[in-house]
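>>> what follows is a predicted structure for the sequence shown.
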Amino acid sequence: MCRDISLHADIQIVTRDFRGVKISPEVTQHSDQMVHVTCEVLPHYPILTNRGELLLENMSWGIIPAYEKDPKQRQLRRRNMVNAQSERILGDHKSYWYKLRNKRCLIPVTGIYEHRKVAGFKNKIPYLVNEKGRDGFYVPALYQISEEVDQETGEIYKESSFTMITRAANELMMWIHNDGDNKHRMPLFLTPELEKAWLQADLSENDMTEIFQFRMPSDGLDHHPVFTIRSNKPQPDGKPKDALYEWEGKLPVFNQESASSGSDKQTSLF
């Protein structure tokens, strides 16, 4: 389950990668403030959509469950709707994700964070993972536009929300994401060609199935450990949160110990 991402770059990388994209006026981006973004606070984040034109617009992380009528429960349930398993989008016609299968979007990132349980350490160690040779990439997602009610004023407004798509992990991501109820999952990393295909209006369900079956190989990803990301504690060397932190050289190295077996049972997200 991926709950932490980074967009530590100028937003113009999106206009470079997707020609003709328009940036919505409400999108403001300060890369130093977005070096770590967590879904825990249901943040607004720039999302790329194609609704007749390419548009970069703010959406909140965590699909709002429209079926839940109680306002407090809607917010609580959103924290379990920040990720969607690719296997359930087309494979389970009763799932909420199947209803949103044609609401496709992309999440611009410079990296994602995942935590690893390491023997001898009290807390899990965060790792930054990015696609090799790319200074920015795009994780496929689903979005929804729903009508919400301001609980103080009674005003009805529209809220756009999104969920990140995940799949079974490759060997590297199994090694990193080795603990917890949803271990051995990873974001659906794609190639640049598949990223663009994901936004095509005429994408068929067969095409979507092929995209879901793509598994980024371990050697297509770079990774390094970073300092604690979910606290305000600054990195001891003064570098930003996505910078390499050595942990005094005490961490194991991928491929120098056995990676977790891919036969471990996968736990449903929802």
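That came through, no problem.
>>> which residue ranges form the strands in the stretch 51-200 of the chain?
Assigned by DSSP state E, counting those that start in this stretch, the strands in the stretch 51-200 of the chain fall at 54-61, 83-85, 104-109, 111-116, 125-131, 137-149, 156-168, 185-187.
>>> so which of those gets nearest D70?
strand 137-149 (11.8 Å; CB to CB). Yep, even glycine has a C-beta here, placed from its N, CA and C like the rest.
>>> buried ones in that closest one?
For strand 137-149, the neighbour count (16 or more other CB atoms under 10 Å) marks 137-144 as buried.
>>> mind giving me the packing neighbours of it?
On a contact count with 3 or more CB pairs under 8 Å, 6 or more residues apart in numbering; DSSP states H and E, strand 137-149 meets strand 44-50, strand 104-109, strand 156-168, helix 192-198.
>>> one step back: turn the strands of the stretch 51-200 of the chain into a markdown table, including distance to S24 and mean pLDDT.
What follows is these, written out as a markdown table (distance: least, CB to CB, whole Å; pLDDT from 0 to 100):
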| stretch | distance to S24 | mean pLDDT |
| --- | --- | --- |
| strand 54-61 | 4 | 98 |
| strand 83-85 | 24 | 97 |
| strand 104-109 | 13 | 98 |
| strand 111-116 | 23 | 98 |
| strand 125-131 | 25 | 98 |
| strand 137-149 | 13 | 94 |
| strand 156-168 | 10 | 95 |
| strand 185-187 | 24 | 98 |
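>>> and of these, who's closest to P217?
Between P217 and the strands of the stretch 51-200 of the chain, the shortest gap by CB to CB is with strand 125-131, which sits at 11.0 Å.
>>> and the closest one with strand 104-109, angle?
For strand 125-131 against strand 104-109, the angle by axes from the mean of the first three to the mean of the last three CA atoms, to 10 degrees is 120 degrees.
>>> listing partners with orientation, what would you give for strand 125-131?
According to DSSP bridges, strand 125-131 has the following sheet partners: strand 111-116 (antiparallel), strand 221-225 (antiparallel).
>>> mean neighbour count, those strands: which tops it?
Stretch with highest mean neighbour count among the strands paired with strand 125-131: strand 111-116 (a mean of 22; mean count of other CB atoms under 10 Å).
>>> and the angle from that strand to strand 137-149?
Relative orientation of strand 111-116 and strand 137-149, computed by the same axes, to 10 degrees: 90 degrees.
>>> residues making contact with strand 111-116?
Outside of strand 111-116, the residues within contact range by CB atoms under 8 Å, 6 or more residues apart in numbering are 2, 4-6, 8, 36, 124-130, 139, 173, 175-179, 186-187, 226, 229, 242.
>>> ok, of the residues you listed, which come out buried?
Buried subset of the contacts of strand 111-116 (neighbour count, 16+ other CB under 10 Å): 2, 4-6, 8, 36, 124-130, 139, 173, 175-178, 186-187, 226, 229, 242.
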